[in-house]
Structure formats: C-alpha cells, structure tokens
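A.B. asks: this one's sequence-less:
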C-alpha cells in the first residue's frame, strides 16, 4: 500500500445551504469510486475536518456519477451574511477535503500521483487556446 | 421513457447571479441559435438587499442592471425570436416590468414585444395575517416559530414554481419577469410551455429541474470554477455560458455556442450537478421532486453532454419561504504583517486587540481571527505556519447585536499600527465599515396560502 492525497484521486465542488456546507467528491477514474466509497466514511470525513465542522457529517452516494456528496452541518459560522468567515459560503471546503491522505494499492498510487495538480511546465501567462 | 428527440428547443443561461458577466447574455443571443434566455439574479441574501433598497426608494427593489441589459439585446431577441425568462424582478417585479417597457421603447421594439410580469410571491404585506391564520413559518433547521423574530423581519417571499411563467409564455410574453421564482423553474417553464408537459409528467419535469440546476449558475457548468484540469480550460476570457438543447421526452444535451471559450464535459457538468446539492434522491422543487441517483451523463460530441434517466415524483404540498431578518451588525478589519516571524506578530496583535476590546467593555456575540495566507480557508488542516512565512494578513472580524460595540471596534484597527507588533502595513483602505446583518430564515408554507395570490400581467411595449 501507498499513501497519496485525495486531490490526486478525485476532484470536488462545494457550496452552502445556510450553516451547512456540501462537498461533492468525484473520482477522476471510475475504477477508484469503490475505493473512495470505502475510504471516505462519514466518521473519517468528520475526523478530518475536526473543529471546522461543529455538527454531523452526512454522506450520499451517486454511483452513476462516480461521486459522493457530503453535508457538513454547522461548518459555516452561522452561514450567509451572519458568518464572519472568509469562506462564509463554503466554496473551498472542496479542496480542504482533498487534503486528506489516503492509503491505496501501489498500482493505484502510481497511476494517480500528480493527477490533481498543475503540471510543472504550466505557465499561467500563456493563453490556453481551444 | 421513450426517446423522442423529434424537436429541440435551446435554452441558454445568461446570468448565474446578480453581478455576473454582463457580456454573457449578449454572447448567448448573438453567437449562435437560441430560443430562450434564462437569467437567474437571486440568491438567499439578494432579496433582503433589494428590500432594503425598496424601503429607501419605492420604485427600486429589483436587479436594476437588467433593463439596461435588455435595451442592448431587446431588438436582437425580437428579431431572432429569443424569449427571455428571469427572476430579475426581486421584490418589485412590477417596477422592473415598467422599466423594461421603457427599455424596449428605447431599443426600438415598440409594438413588437410583450412583457409578462409575475407577482404574488411576496408575503411581507400579509405576514401577520398568515401568522394569525396559523402559518407558523417555523425555521426549517431549528424548528423555532417565526413569531420570536417577527419584529425584525425585512422580507418574506415564497419560492414559486413554473405555473405563472408558463401562463405568461402562453399569453405571448417575449420577456417574463418574476420575483422569487425558483432558479430551476426559469429553465423548465419554457419546456413545459413548448412541449405541453402536464404537472403529472414527473420524469420529464425532473429532467427539466436538472437542466435548470445546470443553467442556474452560469459558466460554472461550462468550465468556470471547475477544478478538473482547470489549467487546460481554454479561452476563459470569452467563456461560453451553458445552453440546454431540450427534447419533448425530457432528455437533453448540455452544450455552448461554437467558438466560445470554456468546456462542457462530463466531469465539468458533474461538478455543477453536485454544487449546493443536498440529498440527491430528494431534490425538492415546487413542481416535482427529482431523483438524480440513476441519471446518466454521456459525452456525445465536443462540448456536448447528454443527460437521461432522471426520475421524478409528485411535488410536496408546500413551498419554501425565503425570509430575511435583521440580526445585528458586523465589521471586518485587516492588517498585513511581514517577515520575519510574520505569523507570530499577527497572533500577538490579535491578543492585544482582544484585550483592548475587553477593557473597553464592548460586547460581541462572536470574534473571529484568521491569518489570510495561512489558515483562512482550510483552518488547522495545513498545520502551524512556517517561521519563515513572508507575510500574512490578519483578518479580525466581530459580530454583535450592539451597534455601538461594532462601531467602536472599527476605530481599534488603525491604532495597532503604532501601538502593536512591528513590520505592519496594508492599512491604506481606511477604517472598516459596520454592516447590518440580514440573516436568512428558511421556512415552509402550504401551497394554498400562496397560489391564489399569484398573478400574471401582460404589458405591451
């Protein structure tokens, strides 16, 4: 087994409903969805966020989209205009979850490593043409 | 469901929120074929902002940049037969409609266009009657009745469905302006109108809801804010907003105009599907409950994703209500600390400031400190900051029911520059501003308390 960061296995998007943030996690490779489903339990996600999530973590499965959806209750300091947080609308809880380190088979690690990060030769000053 | 792709209508997204790219709707209308342009202007906090504006000026209270935008595209819309559906009306759809008629005349479409105005979602004028009649409007999460904060309520609107929009389209409206319509209804109402779907066509309607969810955030479904391979996202300076090619059987293709930037792919669309998602098997709207757990996404060409297999169930008997109420004041002050030991300096400044606020006897419901550049977004997850971090911004925020405490706080940031830790800069912006907080109170109301009040008015341009 090897340890990699979730950012190389999945991409994600997050948003808000009141004081609840949602994080949708999507496997880059459909072959890894089952691994994500086994690894990213509600308990594991709750433990990862620690004090950042005051309430429960709920998980929903979308096998058709190779995705999991998490609801992080009590994560936004009251939410909306009440919250004093920079990220009052939970926009980047997505990448906060992708920081998680996960144990995967060597074969998966070799295939996935670097998948979620900007390549070394990327130059933001160069326009990307279609 | 039988596959009927015999007809196609194209429903493009033009705005994903109030303040979105003003050129996007212009590109949607000019850069390719289009039948409908939907524009979503309303978020949870937007209604209360509009209500405040209307309190100061009775003719305000809607997305005021919408009529000038229409003035730019009205003629092209009429010529190409593009009909516009939008919730830009906010808390004053009538006022928006009146300005829209003026915009149409200025754009030279007098006698050639009709504006449909949908009203009746506003509950503010009859809120006490509703409470007296036993509608408690309990908070959906805390279950507290609204009575406890009644005197602080600033706006109250029911999220209404597609019914009145369809009615306006059937009456020949070229532009339909609503108040608090759901975001998704702006996309599926045209489908109901064009394909003659009935309220019992649950599976078809559920497809429409998903199409609406994809359209409602603008370019988020065509490459904007997409994490997947973001560094490869082409020509974002002229990003094409998503458009839905809808078919009578409910199935649809998400795409964008040829030659525009961005990307419509399976992973990009999946990210948008999951945005603000709750239980994916229970996506509740006024017209249908959608289940997304068996739907299929298929890439059927460049920038083309086909959506099928969404399941629908009958709608519930209630509508969600968006209520905004005053809940005190807040202010945010910032200072930048530089190397060496930037984080230690910022944390010391935080301690000193907290002690000063304490000595002043000010009362706060919450004080929150973040080090922007280290822990503002991912909290404790990155661990302690490195000793050699080049700089951090101290972001010090307070919230209080006591306005005077917040006002006094705004005068305590600048003094830290000469009375606290060294190597501090970045205070040129002046004193922080105390802001009134409009909190959100989600509730449910039975449909029959709203439905008889809904009205559609047709105005000739």
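C.D. replies: In hand now; what should we look at? Keep in mind that this is a model prediction, so the values were computed, not measured.
A.B. asks: is residue B:224 part of a helix or strand, or is it coil?
C.D. replies: coil (DSSP: H, G, I helix; E, B strand; the rest coil).
A.B. asks: I meant residue B:208, not that one.
C.D. replies: Once three-state DSSP is applied, residue B:208 turns out helix.
A.B. asks: residue of chain B with the smallest distance to chain A?
C.D. replies: Residue nearest to chain A within chain B: residue B:274 (2.5 Å; CB to the nearest CB). Backbone N, C-alpha and C define where each C-beta goes, glycine included.
A.B. asks: check contacts around that residue.
C.D. replies: Contacts for residue B:274 were tallied using CB atoms under 8 Å, 6 or more residues apart in numbering or on different chains; they are A:12-13, A:22, A:24, A:26, A:62, A:65, A:67, A:69.
A.B. asks: what's the separation between the closest residue to residue B:170 other than its chain neighbours and residue A:111?
C.D. replies: In space, and not counting its chain neighbours, residue B:170 is closest to residue B:193: 6.4 Å by CB to CB, 6 or more residues apart in numbering or on different chains. Separation of residue B:193 from residue A:111 (CB to CB, to the nearest Å): 48 Å.
A.B. asks: equivalent analysis for residue B:338, please.
C.D. replies: 42 Å.
A.B. asks: quick revisit: ok, the contacts of residue B:274 vs chain B, which is closest?
C.D. replies: residue A:24 (2.5 Å).
A.B. asks: from residue B:432, how far out is the nearest residue to residue B:419 once chain neighbours are set aside?
C.D. replies: Excluding its sequence neighbours, the residue lying closest to residue B:419 (CB to CB, 6+ apart) is residue B:352, at 7.9 Å. Distance of residue B:352 to residue B:432, computed by CB to CB: 17 Å.
A.B. asks: name the residue in those two with the higher neighbour count.
C.D. replies: residue B:432 (21 against 15; other CB atoms under 10 Å in any protein chain shown).
A.B. asks: for the more buried one, give me its contacts.
C.D. replies: Neighbours of residue B:432 in contact, by CB under 8 Å, 6+ apart: B:331-334, B:409-410, B:413.
A.B. asks: got phi/psi on it?
C.D. replies: phi -70, psi 160 (degrees, to the nearest 10).
A.B. asks: kindly report the same for residue B:305.
C.D. replies: Per degrees, to the nearest 10, the backbone of residue B:305 is at phi -120, psi 120.
A.B. asks: so what's it bridging to?
C.D. replies: Judged by DSSP bridges, the bridge partners of residue B:305 are residue B:254, residue B:299.
A.B. asks: got the contact list for it?
C.D. replies: B:253-255, B:264-266, B:269, B:297-299 are the contacts of residue B:305 under CB under 8 Å, 6+ apart.
A.B. asks: generate JSON lines for those residues, with distance to residue A:39, pLDDT and neighbour count as supplementary columns.
C.D. replies: As requested, those are arranged in JSON lines below (distance: CB to CB, whole Å; pLDDT from 0 to 100; neighbours: other CB atoms under 10 Å in any protein chain shown):
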{"residue": "B:253", "distance to residue A:39": "34", "pLDDT": "98", "neighbour count": "22"}
{"residue": "B:254", "distance to residue A:39": "30", "pLDDT": "98", "neighbour count": "27"}
{"residue": "B:255", "distance to residue A:39": "35", "pLDDT": "98", "neighbour count": "23"}
{"residue": "B:264", "distance to residue A:39": "30", "pLDDT": "98", "neighbour count": "24"}
{"residue": "B:265", "distance to residue A:39": "25", "pLDDT": "98", "neighbour count": "21"}
{"residue": "B:266", "distance to residue A:39": "23", "pLDDT": "98", "neighbour count": "17"}
{"residue": "B:269", "distance to residue A:39": "25", "pLDDT": "98", "neighbour count": "24"}
{"residue": "B:297", "distance to residue A:39": "24", "pLDDT": "98", "neighbour count": "20"}
{"residue": "B:298", "distance to residue A:39": "28", "pLDDT": "98", "neighbour count": "12"}
{"residue": "B:299", "distance to residue A:39": "27", "pLDDT": "98", "neighbour count": "14"}
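A.B. asks: re the thing from before, and the helix or strand that the residue nearest to residue B:170 is a member of, how far out from the chain's middle?
C.D. replies: If you go by DSSP states H and E, residue B:193 is part of helix B:185-195. In terms of CA atoms, centre = their mean, to the nearest Å, the centre of helix B:185-195 is found 20 Å from the chain centre.
A.B. asks: quick check: mean pLDDT of that helix?
C.D. replies: On average, the pLDDT along helix B:185-195 is 98.
A.B. asks: which two of the contacts of residue B:274 have the greatest separation?
C.D. replies: A:22 and A:65 (14.2 Å; CB to CB).
A.B. asks: coming back round to it: show me the contacts for the residue nearest to residue B:170.
C.D. replies: Here residue B:193 is in contact with B:165-166, B:169-170 (CB under 8 Å, 6+ apart).
A.B. asks: any weak-confidence spans in the chain?
C.D. replies: Since no chain was named, I'll use chain A. Along chain A, no part satisfies pLDDT under 70.
A.B. asks: my question was about chain B
C.D. replies: B:1-3.
A.B. asks: so where do the helices sit in it?
C.D. replies: Counting by DSSP state H, residue ranges of the helices within chain B are B:24-30, B:46-56, B:66-80, B:93-106, B:127-132, B:163-170, B:185-195, B:202-215, B:266-274, B:342-359, B:403-409, B:416-419.
A.B. asks: repeat for chain A
C.D. replies: A:33-39, A:42-49, A:93-98, A:106-112.
A.B. asks: what's the end-to-end length of stretch A:52-63?
C.D. replies: 28 Å (CA to CA, to the nearest Å).
A.B. asks: tell me which residues of it are tucked away?
C.D. replies: By 16 or more other CB atoms under 10 Å in any protein chain shown, the buried positions in stretch A:52-63 come out as A:52-53, A:57-60, A:62.
A.B. asks: before we move on, back to that, pick the most deeply packed of the helices of chain A.
C.D. replies: Comparing the helices of chain A by mean neighbour count (mean count of other CB atoms under 10 Å in any protein chain shown), helix A:93-98 ranks first with a mean of 24.
A.B. asks: how about that one, does it reach chain B?
C.D. replies: Yes - interface with chain B: helix A:93-98 contributes A:94-96 (CB under 8 Å from any CB of the partner chain).
A.B. asks: give me the distance from that helix to the chain's centre.
C.D. replies: Using CA atoms, centre = their mean, the offset of helix A:93-98 from its chain centre is 4 Å.
A.B. asks: now do stretch B:333-351
C.D. replies: Distance, centroid of stretch B:333-351 to centroid of chain: 35 Å (CA atoms, centre = their mean).
A.B. asks: contacts for it, please.
C.D. replies: Taking CB under 8 Å, 6+ apart as the rule, stretch B:333-351 contacts B:369, B:371-372, B:374, B:385, B:387-397, B:409-410, B:412-413, B:416-417, B:420-427, B:429, B:431-432.
A.B. asks: that older thread, which ones among the contacts of residue B:274 also lie next to chain B?
C.D. replies: A:12-13, A:22, A:24, A:26, A:62, A:65, A:67, A:69.
A.B. asks: can you say which of these are buried?
C.D. replies: A:12-13, A:22, A:24, A:26, A:62, A:65, A:67, A:69.
A.B. asks: out of the residues you listed, list just those in strands.
C.D. replies: When these are checked against strands (DSSP state E), the matches are A:12-13, A:22, A:24, A:26, A:62, A:67, A:69.
A.B. asks: list the contacts for the residue nearest to residue A:86 when sequence neighbours are not counted?
C.D. replies: Leaving aside its sequence neighbours, residue A:86 sits nearest to residue B:376 (CB to CB, 6+ apart; 4.3 Å). Residue B:376 makes contact with A:85-87, B:370, B:395, according to CB under 8 Å, 6+ apart.
A.B. asks: return the residues in contact with residue B:41.
C.D. replies: B:15, B:17-18, B:63, B:66, B:86-88, B:90.
A.B. asks: cool, residue B:412 as well?
C.D. replies: B:333, B:353, B:356-357, B:360.
A.B. asks: of those, buried ones?
C.D. replies: For those, buried by 16+ other CB under 10 Å: B:333, B:353, B:356-357.
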